[in-house]
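Peer 1: with the sequence up front, the predicted model follows.
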Amino acid sequence: MIAPKRKISKQRKHKRRSSVWKLDMPGMVKCPNCGEFYLSHRVCKSCGFYNGKQVIKVNKEAEA
């Protein structure tokens, strides 16, 4: 049976695994209707459009 020749130190092990925890930036895209950034494949919160159609009504006075 094959076994490692030497023990891997904690420092070497942690150094190798240090980049795993980093997260990627979520997929932000610019809304073609209003120009705000929003998460892709979701309704734009500022104007309520998705895929070129208005899905929800957004009150501009309520936000301000």
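Peer 2: Arrived safely, thanks for sending.
Peer 1: going by C-alpha atoms from here, please, whenever you check contacts or count neighbours.
Peer 2: Will do.
Peer 1: tell me the centre residue of this protein?
Peer 2: Centrality entry for the chain: nearest residue to the mean C-alpha point is P26, 1.7 Å, by CA atoms, centre = their mean.
Peer 1: so who does that one touch?
Peer 2: Applying CA atoms under 8 Å, 6 or more residues apart in numbering, we find P26 in contact with L39.
Peer 1: residue contacts, Y38?
Peer 2: Contacts for Y38 (CA under 8 Å, 6+ apart) come out as M28, V29, K30, C31, C44, K45.
Peer 1: any idea of the pLDDT on the last one?
Peer 2: This points to K45. Note on K45: pLDDT of 92.
Peer 1: if I look at the residue nearest to the centre of the chain, how far off is F37?
Peer 2: Distance of P26 to F37, computed by CA to CA, to the nearest Å: 11 Å.
Peer 1: and the lengthiest helix in the chain, what's buried?
Peer 2: Longest helix in the chain, counting residues (DSSP state H): helix 10-16. By 16 or more other CA atoms under 10 Å, helix 10-16 has no buried positions at all.
Peer 1: much appreciated, bye for now.
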